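Participant: What would the 3D arrangement of this be:
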Amino acid sequence: MLSVNALRDLLTYSAWSSRRLVEAAAQLPFDELTRDFGTADKSLLGTLVHIFAADRVWFARVSGVVPASFTSEADYHLQVLQNEWPQIHEKWNSWAAGLTDQAAAADLSYADMRGNRWQQPVWQVVAHVVNHATHHRGQAAGFLRSMGHAPPPIDMTVFYRTRTPAA
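Facilitator: Residues are numbered from 1 along each chain as shown. As a prediction, this is how the structure comes out:
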């Protein structure tokens, strides 16, 4: 099991790296932001919206709320990612601030978007949320690079270096 402190760090890292990619995406013209790369989420914007929506859905689940939908047309705007995603990250951080090791080890019961029932420890859910986002952030960084833009550094080591005073 991951410690509560590790889970908090992972959530903070995920917010930090997602924010950096949204900032990079905000510098692009609309045609690059929406360029179809032939992936499931199609574009850089679609991939970022997918991560945002998953963060939102999983937060609803850990909060005991059944999400109504995964995404809507309203989500596919950079302003949503700039304004609403940080609010989701803040909710995750506030939730994690009150998390105990006992609560992290407890099972969470939830239904997926198809209505299938599942149960797993909370710490595994948090690890999944961060890992899922990391996977798709890697895709987003690749999209930026393929369009000739250097993606921002989003490695976890860079994140830790920004939080630790230089020796």
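Participant: I'd like to check which residues are in contact with Glu32.
Facilitator: 44, 147, 149 (CB atoms under 8 Å, 6 or more residues apart in numbering). Placement of C-beta: from N, CA and C, glycine included.
Participant: Following the longest helix seen in the chain in sequence, what is the next regular element?
Facilitator: In the chain, taking DSSP state H as the definition, the longest helix is helix 122-146. Remark: after helix 122-146, the chain's next helix or strand is helix 156-163, criterion DSSP states H and E.
Participant: now for that next one, which elements pack on it?
Facilitator: Where contact means 3 or more CB pairs under 8 Å, 6 or more residues apart in numbering; DSSP states H and E, helix 156-163 is packed against helix 4-25.
Participant: just the angle between the helix it packs on and helix 122-146, please?
Facilitator: 20 degrees (axes from the mean of the first three to the mean of the last three CA atoms, to 10 degrees).
Participant: what bits of the protein have low per-residue confidence?
Facilitator: Applying pLDDT under 70 to the chain picks out residues 166-167.
Participant: so what's Ala26 up against?
Facilitator: 78, 82.
Participant: can you check Leu11 too?
Facilitator: Applying CB under 8 Å, 6+ apart, the residues near Leu11 are 89, 92-93, 96, 126, 129-130.
Participant: Could you pick out the buried ones from those?
Facilitator: 89, 92, 96, 126, 129-130 (16 or more other CB atoms under 10 Å).
Participant: Could you identify the most distant pair in those?
Facilitator: Farthest-apart pair in these is His89 and Val126; separation 12.9 Å (CB to CB).
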